[in-house]
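In: Curious how this folds, go ahead:
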Amino acid sequence: MTASSELRWRVPLSDIRVDDELTDAVLETVRSGWWSMGPRVEELEREFAAFCGAPHAIAVTNGTASLHLALLAVGCGSGDEVIVPSLNFVAAANTIVHTGAEPVFCDVIGADELNLDPQDVAAAVTPRTKAVVALHYAGFPCAMDAVAEIADRHGLAVVEDAAHAPGASFDGRMCGTLGQVGCFSFFSNKNLPVGEGGMMVTGDEELAKQLRLLRSHGMTTLTWDRHRGHASGYDVVLAGFNYRLDEVRAAVGLVQLSRLVEENEARARVAGLYRKALDGVEGLTMPFGDGDGRRVSSHHLAVVVLPEGVDRDRVRAALEEGRIQTSVHYPPIHSFTRYRSLGQRRPLPQTNALATRILTLPLYGGLSDEQVENVIDALLGVI
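Out: Okay, the predicted model is just below:
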């Protein structure tokens, strides 16, 4: 059984497999009577940390919360600058602003790789730069060795935006473990979907302590600790937030984590079918290629770059008429009213050139070969 949200789509952009294992896990959690953060959240943290090979994992209410807390924990604040690719979801810039810092947008490499350009990251560094937020776009790892070299040279923190990249790896190390803090999203369209949820991983024990405090009001003990009799009171040592994950979503997350490798492999197969049929055909480009041995993708998104001069709205309308859902990941952040003035401070030629040409095709593990062929035929038919 799947959870297609609308019957109108012959091929939805994403979909969720709902079966007895998933519903039984939820029902068991509801019947337990303990719904706020507790044993299932702790188990999910242990299992996710083990999966990533990270000493610490801290679950939070969503991916945006993970970025916000990570930026605060590495010391971002008023007067600081944080370098971030503009070809990104707006949460990356919003969370920087909410720390009091200012986003500084950097460019991407180009049509063959939509990740941040390390050379432009280096060019964006100023005396005010505090950190770099490195997005692994579509689940393909960015050049973390080059990013780390720049960060080390200038004394910067690196926060990995691994929202697209659970299970992706760089030189054998899991994405999320390559900077000071790695941030994940478990939104409904992600590789590990729970509805709303997120995770932070780190190898730094002091950062982990700070992240746990920030997650729950700066309190030194949790409700679950007091319920079990492990504590009778608490102190508040900093002004934190309520970014806790609940037990029901953690139960879903445990099931989805057990399926993540299988899901990523299925996505890789679908992405391979797209690539074989579309890359270099009729002027289309499918970024990232098959990897270079050092970088293993989680295949979160299937993005194509349309030929120059092709009207993307016309292409999307034609596919929609065939009941094939598409999207755009993403309108560059500097194109939005709130951030337009910041986008004018540095040239972003590649991002601007690609902004109207990128198109996201349906991709999830349950896509059938017939559905993939429908997408390919419809796209080539309109190009």
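
In: which residues of the stretch 151-300 of the chain fall in strands?
Out: 157-161, 169-170, 173-174, 181-185, 198-202, 295-296 (DSSP state E, counting those that start in this stretch).

In: So which other helices or strands are in contact with the first one?
Out: Under the contact criterion of 3 or more CB pairs under 8 Å, 6 or more residues apart in numbering; DSSP states H and E, strand 157-161 touches helix 63-73, strand 129-135, helix 144-154, strand 181-185. Quick note: C-beta positions are derived from backbone N, CA and C, even for glycine.

In: from those, which stretch is densest packed?
Out: strand 181-185 (a mean of 31; mean count of other CB atoms under 10 Å).

In: relative to strand 198-202, how tilted is that strand?
Out: 160 degrees (axes from the mean of the first three to the mean of the last three CA atoms, to 10 degrees).

In: so what strands line up beside strand 181-185?
Out: Here strand 181-185 is paired, per DSSP bridges, with strand 157-161 (parallel), strand 198-202 (antiparallel).

In: circling back to that earlier point, mind putting the strands of the stretch 151-300 of the chain into TSV with mean pLDDT?
Out: Shown next, in TSV, are the strands of the stretch 151-300 of the chain (pLDDT from 0 to 100):
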stretch	mean pLDDT
strand 157-161	98
strand 169-170	97
strand 173-174	98
strand 181-185	98
strand 198-202	98
strand 295-296	96
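
In: Identify the spatial nearest neighbour of the residue positioned nearest the centre of the chain, chain neighbours not counted.
Out: In the chain, the residue lying closest to the centroid (CA atoms, centre = their mean) is Ala163, at 1.4 Å. Distance criterion CB to CB, 6 or more residues apart in numbering; nearest residue to Ala163, sequence neighbours excluded, is Ser185 at 3.8 Å.

In: beta partners for that neighbour?
Out: The partner residues for Ser185, given DSSP bridges, come to Gly198.

In: Quick check: which of the strands paired with strand 181-185 is nearest to Asp15?
Out: strand 198-202 (21.0 Å; CB to CB).

In: Touching the closest one from outside, list them.
Out: Contacting residues not belonging to strand 198-202 are listed as 44-45, 48-49, 52, 54-66, 69-70, 176-177, 180-186, 208, 211, 245 [CB atoms under 8 Å, 6 or more residues apart in numbering].

In: And the longest helix along the chain, what's buried?
Out: Ranked by residue count, the top helix of the chain under DSSP state H comes out as helix 260-278. For helix 260-278, the neighbour count (16 or more other CB atoms under 10 Å) marks 260, 263-264, 266-268, 270-271, 273-275, 277-278 as buried.

In: now do stretch 339-357
Out: Tyr339, Leu342, Gly343, Arg346, Leu348, Gln350, Thr351, Asn352, Leu354, Ala355, Arg357.

In: now stretch 318-332
Out: For stretch 318-332, the neighbour count (16+ other CB under 10 Å) marks Ala318, Leu319, Ile324, Gln325, Thr326, Ser327, His329, Tyr330, Pro332 as buried.

In: Switch those residues over to JSON lines; also include pLDDT.
Out: Compiled in JSON lines, those are given as follows (pLDDT from 0 to 100):
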{"residue": "Ala318", "pLDDT": "98"}
{"residue": "Leu319", "pLDDT": "98"}
{"residue": "Ile324", "pLDDT": "98"}
{"residue": "Gln325", "pLDDT": "98"}
{"residue": "Thr326", "pLDDT": "98"}
{"residue": "Ser327", "pLDDT": "98"}
{"residue": "His329", "pLDDT": "98"}
{"residue": "Tyr330", "pLDDT": "98"}
{"residue": "Pro332", "pLDDT": "98"}
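
In: May I have the distance across stretch 32-39, first residue to last?
Out: By CA to CA, to the nearest Å, the extent of stretch 32-39 from end to end equals 11 Å.

In: avg pLDDT for that stretch?
Out: Stretch 32-39 shows a mean pLDDT of 95.

In: what's the distance between that stretch and the middle of its chain?
Out: On the basis of CA atoms, centre = their mean, to the nearest Å, stretch 32-39 sits 26 Å off its chain's mean C-alpha point.

In: What are the buried residues along that stretch?
Out: Met37, Gly38.

In: Not counting residues beside it along the chain, what's closest to Leu301?
Out: Ala138 (3.9 Å).

In: Distance of that neighbour relative to Glu160?
Out: In this view, Ala138 and Glu160 are 15 Å apart by CB to CB, to the nearest Å.

In: Could I get the buried residue list for stretch 285-295?
Out: Thr285, Met286, Pro287, Phe288, Arg295.

In: my guess is the third one meets Ile109, correct?
Out: It refers to Pro287. No - applying CB atoms under 8 Å, one finds Pro287 not in contact with Ile109, separated by 9.0 Å.

In: Could you tell me which residues touch both of those two?
Out: By CB under 8 Å, 6+ apart, Pro287 and Ile109 have no common neighbours.
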